[in-house]
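Asks: What would the 3D arrangement of this be:
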Amino acid sequence: MRVALDAMGGDDAPRTTVEGAFAAAAEGVDVLLVGDEAVLDEEIKTRGGVVPNLHVRHAAEVVEMDDAPGAAFRSKKDSSVRVAFELVRNGQADAVVTMGNSGAALAAGMFACRRLEGVLRPAITALVPGLDRTVVLLDVGANTECKPEHLLQFGVMGAALAGAAFGTGRPRVAVLANGAEADKGTDLTRAAAGLLRERADIEFAGYIEPGDLLEGDVDVVVTDGWTGNMVLKTAEGVLGHTLGLLREAAADGVAAKAGAALMRRSLRRTFGRLKAGGAGGGLLLGIDASAVIGHGGADAAATASAILFADRLARADLPDRIREALRGSMSAPIGVVNAVPGK
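Replies: Okay, here's the model as predicted:
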């Protein structure tokens, strides 16, 4: 198995991406760094030179974070993110990881690797670390307006991911709503709940409120991309603010500093779990590739985690699992066209 890494994607690329690739390679993963060869070679030299399972594939262009995704896909044909997805399509890699522009990753995934047969809308998926399990939350940004059948497919794809990544035999799937009662939610959520309730291959758990994501007993939560994105960004903001308050408290006097020193290892382990569920990023589901999309500010450790997670998904044949789950259950109606963000 080989993972193609968009080595130029991310706020501090290629330093952090190359460092993360070295860490993943040390764990036995075969990594293909995609980006400006001269720049990558310099980064590699600072770390002692190429190791046997670390390779470079030249790509002359970079999609910046503020580039319009659709326009960048069309105009930057040799961008590192596009080339990384094309390597998977051509069979030269088995999975792809990018910490760059998520819209560009969505466009590259859809047009380079194509949607899986029957998929109405690919979805960007977040992994939320709960108390005793990692919760699959989708969509978190690809589709701001959805129909009930889209949320149904999100549930089916999310359940396939839970099985491939975490070994969940019969995933419990819930719909995000403003209350647990059956009459809560909107026309969209109520209709989606009705469709999910009819599925025999998943266990429908009803509605779940945002506040119960971390403590609930569900494996998959589905919603539209606008709501999911707002929930995810709110959670990230609250976490960042909480960490800031803890740092202030830990520096407040000698006793606090001593206590913080004693708690440092436990706190690092605890808050480390909150970084994308230990996966280093979210996923793009519904395309013919195992694709992990990380945060632009990801550090080397998060990049390494994303590479290791992508390798695990490729070995578990995630696209085939999703294809099998969808086969015979529904197909995309004629005339459905997926909009590319920024197009």
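Asks: Find the nearest non-adjacent residue to residue 217, please.
Replies: residue 172 (6.7 Å; CB to CB, 6 or more residues apart in numbering). For the C-beta atoms, the positions are set from N, CA and C on the backbone; glycine is no exception.
Asks: any idea how far the one you found is from residue 201?
Replies: Counting by CB to CB, to the nearest Å, the separation of residue 172 from residue 201 is 12 Å.
Asks: Likewise for residue 243?
Replies: Going from residue 243 to residue 201 by CB to CB gives 39 Å.
Asks: Who has more neighbours out of residue 172 and residue 201?
Replies: Taking other CB atoms under 10 Å, residue 172 and residue 201 do not tie; residue 172 has more neighbours (21 against 11).
Asks: so where's the stretch 201-343 of the chain shaky on pLDDT?
Replies: 239, 260, 266-280, 328-343 (pLDDT under 70).
Asks: Which residue lies nearest the spatial centre of this protein?
Replies: In the chain, the centroid-proximal residue (CA atoms, centre = their mean) is residue 282; its distance is 1.3 Å.
Asks: Tell me how far that one lies from residue 97.
Replies: Taking CB to CB, one finds residue 282 at 11 Å from residue 97.
Asks: Mutual contacts of these two, please.
Replies: Listed as contacting both residue 282 and residue 97 by CB atoms under 8 Å, 6 or more residues apart in numbering are 292, 293, 294.
Asks: surely the residue nearest to the centre of the chain meets residue 125?
Replies: Yes: contact criterion CB atoms under 8 Å: residue 282 and residue 125 qualify, at 5.1 Å.
Asks: re the thing from before, which one of the shared contacts of residue 282 and residue 97 sits closest to residue 41?
Replies: Nearest to residue 41 among the shared contacts of residue 282 and residue 97 is residue 294, at 23.2 Å by CB to CB.
Asks: what's the helix or strand for residue 304?
Replies: helix 300-315 (DSSP states H and E).
Asks: Buried ones in whatever helix or strand comes next after that helix, by neighbour count?
Replies: Next along the chain after helix 300-315, taking DSSP H and E as the criterion, comes helix 318-326. Using 16 or more other CB atoms under 10 Å as the test for burial, helix 318-326 gives 318, 319, 321, 322, 323, 325, 326.
Asks: and the two most separated of these?
Replies: Greatest spacing in the buried residues of helix 318-326, by CB to CB: 318 and 326 (12.7 Å).
Asks: Please enumerate the shared neighbours of these two.
Replies: By CB under 8 Å, 6+ apart, no residue touches both residue 318 and residue 326.
Asks: Now do the domain split for the chain, please.
Replies: Structurally, the chain divides into domains by automatic domain parsing as follows: 1-122+286-343, 140-276.
Asks: Return the most buried member of those.
Replies: Burial of those is given as mean neighbour count (mean count of other CB atoms under 10 Å); domain 1-122+286-343 ranks first at a mean of 21.
Asks: returning to that earlier point: what would the shared contacts of residue 282 and residue 97 look like in JSON lines with distance to residue 310 and secondary structure?
Replies: Putting those into JSON lines (distance: CB to CB, whole Å; DSSP: H, G, I helix; E, B strand; the rest coil) gives the following:
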{"residue": "292", "distance to residue 310": "5", "secondary structure": "strand"}
{"residue": "293", "distance to residue 310": "10", "secondary structure": "strand"}
{"residue": "294", "distance to residue 310": "10", "secondary structure": "coil"}
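Asks: quick one: which of the residues you listed is nearest residue 11?
Replies: The shortest approach to residue 11 among those belongs to residue 294, at 10.7 Å (CB to CB).
Asks: Now do the contacts for that closest one.
Replies: Applying CB under 8 Å, 6+ apart, the residues near residue 294 are 10, 97, 98, 99, 276, 280, 281, 282, 302, 303, 306.
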